[in-house]
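1. From the sequence below, what's the structure:
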Amino acid sequence: MASLIPSVPKAKGILFQQLHFHPLYSHCLRRGHATAVVAHPLLPKTNLITALCNQEYHDSCNTIRGPLSRTTSSIRYVSSADSSKPSSTPQRTRPRIVVAMSGGVDSSVAAHLLQSKARNPSVQVHDNNHVQDVTCNNNSCDGIEVIGLHMSNWNALDEDPDKSNATNTRGKQSSPNPIDTTATHSLPNNSSSKPSSNSTTFCQASEKEYTDAQSVAQHLSIPLHRVSFASEYWIQVFEPFVESLAFKSKGTKTNSNQSELTMPNPDYGCNTFIKFGAMKKYAMGQMNADFVATGHYAQLWHRGYTGDNDSSGVFRDWMMETSRTLEQNVRSSLEGRPEEEWVLNNQHTASQKDNPPPMLLAGADRSKDQSYFLSGVKGEAFRNVIFPLGHLAKSQSANTNADSSYNNTVQQTVRDIAHQAAIPTASKRDSMGICFIGKRNFGQFVSQYLPEPPAPGTFVDVDTGEIVGYHEGSMHYTIGQGAKISGASARYFVCGKGSTGDDGNTVFVCNSTHHPSLYTDELSVDFDAFNWIGLGEKSDTDSFGHVPYPLVEGRPIKLLARTRHLQPLAQCTVSWQRSRDANSLGKLTVQFEKPMRAITPCQVVSLYAGSDGLICLGGGPIKGRGSSYLERGMDVSLSMLHPAGINDLSVLRS
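-> Next up, the predicted model:
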């Protein structure tokens, strides 16, 4: 194997410009095992080099539960490149569904609902008017096969123990928030190394998630596999995210309305590249699944589903009835809206009409709807995907937020089902926050991965131009949030970033949450960066088969949009401004009917159709925003504003 430093090629990524910056290398070096550099199979595609130990992976969780036993030897660490489907597979008499099980109540209930269909010869399905039974006919009672899959996307060994012991703003050590957690490997018996206390706590939370998933799988009598996609997550999600922060932390003098950032949000990227990328490929390939299911609060209308390839009558009947129900809901949502008739007639070719991609729909529980974070997933990736919770409300308090088509028929909630089925995670609290950070301080945690410390700068009052405070890096702030300036006499909100004089890292602030500087009514997205879902497919003969045909014909379209998760949908007009540059397709411009608060470059805008915004047409990272009302010399009043979120009571009540 190659020697360490001399043979290392120059890396393209910011994080890997020097090999010793990589935390895995630092981890190996501290333990005396860094004697070789090994290129990961995925890395040649991105010109990055990962420093790996030339021995077995180490497991900082070892101090918690000891080395892996043979009972957990099914754990496999793979790359998505190793996910091709076997050339020959045994003939099955029932479809195999792999359920992503995180250890939370949602994925647990999703697995339970599918397993119930596998056990019961009579399966309940929901349509607009009533609950009906699908009864097995002749030999159609062979049900389905359900298998659990627990994935880990983060390895605690990737953390610098000298920096990961971050404390929160109250001075107390941060405790992790357990979501899809670290990978686990055996630590050699002769190692005396001790993981940092913070990483150990994170590992404890990680193991708790896995043991919860195990408990549910045992309760449901289904097998559970475990797999790590830590390397895929690092390369496809985390590195672009940190490079975006590095760009922000340099204090680069740029137009504050423009963005050079590439990863809007790790959760958005995780759905796009991991859950419906690497994980789905692994499930469909290595596990030979026919379908993949998750606990997302969203719905998929599989318009092209015929059931011809499914041997299980009960499963086929359930899928067909679900498809008919969702079709009714979609057509009802579009009824009386001739300006949106193109939504169901956008397929340009016969092949697209015969096998259209799935259509992403909002979850019936609008207070939990996750279509916003799913809007970056390619429509083709939703084929063979099931969302068993899409028609359900999470809790009784959320029933009032469910679609009217379900309000009169679906009273049971996910929590109700979990308790009635005695699922071990029935009372488990929801996990919040970015999975690899949990409750740890965001800025302190991420700073350990930046190639250089964030550049300090000033807080400047946008009205007076006066310096009202100092900060340690603009990357810690996003437009619209409270600035929390120490010693300030007024409460300030971040309204922009830019440069003043020699300071290229200024954070502009305003003294009101509804200040004109926070509002604009326009944004833009690079045309190539927007992900259209469910309308058609791009092909060699039709480069814009996936794009709404009114836009292709040069006509604007009226839609609904949101720029934040769960934000009430806003009326808007979308147009395509083509570029004269042969290397660019131009941009999409979204013009809102009401002023929108805190539109932020690199965050996501998702577009919806239908009277109630049922149909999610896709999403993409915001490239730029229009001039603020302050820049236009215009004031704003509460009555003219669109709510920034579901809790923006001052606007909602105006």
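2. ok so residue 551 is a helix residue?
-> Yes. According to DSSP: H, G, I helix; E, B strand; the rest coil, the state of residue 551 is that of a helix.
3. For it, which non-adjacent residue is spatially closest?
-> residue 576 (4.5 Å; CB to CB, 6 or more residues apart in numbering). All C-beta atoms are positioned from the backbone trio N, CA, C, and that covers glycine.
4. Would you map the strands across the stretch 501-650 of the chain?
-> Using DSSP state E, counting those that start in this stretch, the strands of the stretch 501-650 of the chain run over residues 503-510, 519-526, 531-532, 557-562, 570-577, 587-597, 604-609, 615-621, 624-625.
5. CA atoms only for the fourth one - export them in CSV, please.
-> Only the C-alpha atoms of strand 557-562 are listed here, as CSV (Å, rounded to 0.1, in the frame of the first residue of the first chain):
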residue,chain,number,x,y,z
ILE,A,557,-47.9,29.3,-14.6
LYS,A,558,-49.7,30.1,-11.3
LEU,A,559,-48.8,27.7,-8.5
LEU,A,560,-48.3,27.6,-4.7
ALA,A,561,-44.9,27.7,-3.0
ARG,A,562,-43.2,27.5,0.3
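6. Of all the residues in that strand, which ones are buried?
-> By 16 or more other CB atoms under 10 Å, the buried positions in strand 557-562 come out as 557, 559, 560, 561, 562.
7. out of those residues, which one sits closest to residue 471?
-> Set against residue 471, the nearest of the buried residues of strand 557-562 by CB to CB is residue 562 (28.8 Å).
8. quick one, what contacts that closest one?
-> 372, 568, 569, 570, 605, 606, 608 (CB atoms under 8 Å, 6 or more residues apart in numbering).
9. hey, what's it bridged with?
-> residue 606 (DSSP bridges).
10. Check what pLDDT it gets.
-> If you check residue 562, the pLDDT there is 97.
11. Now do the contacts for residue 544.
-> Contacts of residue 544 (CB under 8 Å, 6+ apart): 538, 552.
12. Helix or strand: which one has residue 99?
-> strand 96-100 (DSSP states H and E).
13. got the contact list for that strand?
-> So strand 96-100 is contacted by 107, 110-111, 114, 144-151, 275, 279, 283, 287-295, 386 (CB under 8 Å, 6+ apart).
14. Looking at those residues, which are in helices?
-> 107, 110, 111, 114, 279, 283 (DSSP state H).
15. Now for these: which two are most distant?
-> Farthest pair in these, by CB to CB: 114 and 279, 16.8 Å.
16. ok so, going back, from the buried residues of strand 557-562, pick the one nearest residue 267.
-> Distances from residue 267 to the buried residues of strand 557-562, taken by CB to CB, are shortest for residue 562, at 15.1 Å.
17. What distance do you get for that closest one to residue 610?
-> 14 Å (CB to CB, to the nearest Å).
18. same question, residue 469
-> Distance from residue 469 to residue 610, by CB to CB: 45 Å.
19. same thing with residue 557?
-> Per CB to CB, residue 557 is found 13 Å from residue 610.
20. so what sits against both of those two?
-> residue 340.
21. Make JSON lines out of the buried residues of strand 557-562 and add distance to residue 478.
-> Below are these laid out as JSON lines (distance: CB to CB, whole Å):
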{"residue": "557", "distance to residue 478": "29"}
{"residue": "559", "distance to residue 478": "25"}
{"residue": "560", "distance to residue 478": "23"}
{"residue": "561", "distance to residue 478": "19"}
{"residue": "562", "distance to residue 478": "16"}
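22. and of these, the nearest to residue 229?
-> Out of the buried residues of strand 557-562, the member with the shortest distance to residue 229 (by CB to CB) is residue 562, at 28.4 Å.
23. For residue 627, see how far away the closest one is.
-> The value you get for residue 562 to residue 627, if CB to CB is used, is 21 Å.
24. Can you get me the start-to-end distance on stretch 552-567?
-> 29 Å (CA to CA, to the nearest Å).
25. oh, I was asking about stretch 452-466
-> By CA to CA, one end of stretch 452-466 lies 28 Å from the other end.
26. If you count neighbours, what's buried in that stretch?
-> Buried residues in stretch 452-466 (16+ other CB under 10 Å): 454, 455, 457, 458, 459, 460, 461, 462, 463.
27. pretty sure the fourth one is in contact with residue 473, am I right?
-> Right, the one you point to is residue 458. No. Taking contacts as CB atoms under 8 Å, residue 458 lies outside contact range of residue 473: 11.9 Å.
28. Please enumerate the shared neighbours of these two.
-> In contact with both residue 458 and residue 473: residue 505, using CB under 8 Å, 6+ apart.
29. which other residues reach stretch 419-429?
-> Contacts of stretch 419-429 (CB under 8 Å, 6+ apart): 103-105, 108-109, 112, 212, 215-216, 219, 412, 415, 417-418.
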